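Chemist: Let's see this in three dimensions:
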Amino acid sequence: MNKQNNNVRALIMAGGSGTRFWPESTKACPKQYLALVSEKTLLEETLERIKNLVPAENRYIVTIKKQSALAKKYSQHYLPPQNLLLEPCARNTAPCILLALLSILEQQIPHRSLDEVTEDIVIILPSDHAILNHNGFEKTLNQAIQFLQQRPAQDNKIITIGIVPHFPHTGYGYISPNMDTPLDLEKGIYPVITFKEKPNSETAKLYLRQGYFWNAGMFIGKIGTFLQQFAQHAPTIYAYKDKISKLLATQKNYILDGIDSAGRDTYEELLLSCYKQIPANSIDYAVMEKSQAVALISAKFDWNDLGSWDALAALHREKISNAHVENNSMMEMSNGTNDTNSSTNSNLLINNNQRYFFKNASNNFIKSNPQQMVVAIGVDDLIIINNDKTLVIMPQRDAQQIKEVVNFLEKQDWGDEYF
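Modeler: You can find the predicted model right below:
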């Protein structure tokens with residue numbers, strides 16, 4: 001561990017619902033707690049990626065209270081239990097990040113001055129993305145950290161990681177950097193001109209021609225810089241800062257003084273009452289799109305936000321094609337034979353089913369009980385998901401429509417049976 005990284009912290013946001021991966025991802029167990037890419041859950045994979053960058057005592061997870069048991073289960077080997085931070089309810093990423101930053105401050109203040117803690121760099125990451133190139137990920141973050149440590153205090157930045165697009169995706173936001181005035185050409189860091197929302201197909205093609213990057217939702221900056229930008233650009237959210245800080249201090253006193261459960265319940269009720277009044281807004285809308293202090297660093301790694309079943313299928317195919325990635329969790333199948341080589345017309349069985357029969361079937365992605373025999377005849381380009389409660393069959397091109405099923409279930413009296 002590089003000594004300078006002792007003042008670097010990592011905050012993993014793990015409170016999402018992950019409904020785009022229904023029926024495997026449910027309200028009871030969202031996708032960040034599923035093993036979709038390897039034998040580890042996506043949350044564990046995220047924690048693995050930062051273990052060489054940030055010491056365990058500086059790693060934090062923020063999630064909603066009802067996911068606390070899952071978050072604790074899958075993070076217990078990576079960080080101390082007091083670094084599991086809980087939102088009383090879901091209010092989107094801006095309130096989530098503010099609450100987490102204030103919690104970190106409250107935790108650190110007894111041991112260090114406020115000025116010292118606000119100089120700490122925090123890496124803010126989603127918990128449910130997939131990255132295969134860990135070395136490139138570490139290199140990108142180290143370059144961002146080094147850049148921030150060298151910036152003058154009066155001109156500090158929040159760095160967002162930009163992904164070089166390889167096709168005109170309509171499901172991602174985009175970022176336009178000013179490539180003519182690099183802040184650090186060697187590291188690939190540029191000032192951000194603007195953030196763009198998810199475009200239609202023609203606009204996405206235009207963004208690619210104009211050199212835009214995909215927005216990966218990852219941010220690196222000093223705690224003080226984040227708080228300054230909240231104060232400047234999200235005043236209706238930042239207005240709750242002092243009240244939240246006082247409540248967090250009360251919680252800490254309860255823990256230190258051994259106050260009974262009734263006292264803790266009162267604290268939780270007060271925090272919930274305060275927190276649910278905060279405007280529910282994303283960090284992009286609330287801060288990043290308005291700020292002049294945001295810079296972009298070009299990612300030196302692959303990236304997949306795992307936003308749909310077809311994205312997962314593409315990732316598994318990429319894993320097969322990369323000779324340096326050991327493939328322990330999947331078999332490549334083509335016309336009923338075990339073929340370990342990547343093939344564009346192959347079928348993927350991701351649960352290692354030993355019994356299967358394929359005829360005139362290609363490019364199907366199948367997830368089923370490992371004990372089941374799988375048969376596919378005369379079908380191509382399908383996603384087939386089968387578990388104890390649900391069977392889903394859909395063309396890969398329509399994978400985003402799973403959200404319509406979720407919306408349908410939420411309106412049914414019996415819908416909760418499938419969540």
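
Chemist: The lengthiest strand in the chain pairs with which strands, and in what direction?
Modeler: Determined from DSSP state E, the single longest strand within the chain is strand 213-222. Here strand 213-222 is paired, per DSSP bridges, with strand 121-126 (antiparallel), strand 158-163 (antiparallel), strand 174-177 (antiparallel).

Chemist: so how far is residue 197 from residue 161?
Modeler: Separation of residue 161 from residue 197 (CB to CB, to the nearest Å): 18 Å. Backbone N, C-alpha and C define where each C-beta goes, glycine included.

Chemist: quick one on the thing from earlier: dump the strands paired with strand 213-222 into TSV; add distance to residue 115 as well.
Modeler: Converted to TSV, these look like this (distance: least, CB to CB, whole Å):
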stretch	distance to residue 115
strand 121-126	15
strand 158-163	19
strand 174-177	31
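
Chemist: how about those, which one is nearest residue 267?
Modeler: strand 121-126 (24.9 Å; CB to CB).

Chemist: Show the average pLDDT along that closest one.
Modeler: For strand 121-126, mean pLDDT rounds to 97.

Chemist: Run the chain-centre distance for it.
Modeler: 10 Å (CA atoms, centre = their mean, to the nearest Å).

Chemist: Next: stretch 356-376.
Modeler: 30 Å.

Chemist: mean confidence for that stretch?
Modeler: 92.

Chemist: Give me the buried stretch members for it, please.
Modeler: Within stretch 356-376, the residues that count as buried by 16 or more other CB atoms under 10 Å are 356, 358, 361-368, 374, 376.

Chemist: In the stretch 51-200 of the chain, mark out all the strands, start to finish.
Modeler: Ranges of strands within the stretch 51-200 of the chain are 59-64, 84-87, 121-126, 158-163, 174-177, 189-196, based on DSSP state E, counting those that start in this stretch.

Chemist: Quick one: closest of those to residue 417.
Modeler: strand 59-64 (21.8 Å).

Chemist: name the helices or strands packed onto that closest one?
Modeler: Judged by 3 or more CB pairs under 8 Å, 6 or more residues apart in numbering; DSSP states H and E, the packing partners of strand 59-64 are strand 8-13, helix 42-50, helix 68-75, strand 84-87, helix 93-108.

Chemist: More neighbours: which of residue 161 and residue 197?
Modeler: Using other CB atoms under 10 Å, the more surrounded residue of residue 161 and residue 197 is residue 161, with 26 against 12.

Chemist: How about the more buried one: what's its closest non-neighbour residue?
Modeler: Counting by CB to CB, 6 or more residues apart in numbering, residue 218 is the residue found nearest to residue 161 once chain neighbours are left out, at 4.3 Å.

Chemist: And residue 361, by the same measure?
Modeler: Using CB to CB, 6+ apart, the closest residue to residue 361 is residue 376 (4.0 Å).

Chemist: ok but that neighbour is inside a strand, no?
Modeler: Yes. Assigned with DSSP: H, G, I helix; E, B strand; the rest coil, residue 376 falls within a strand.
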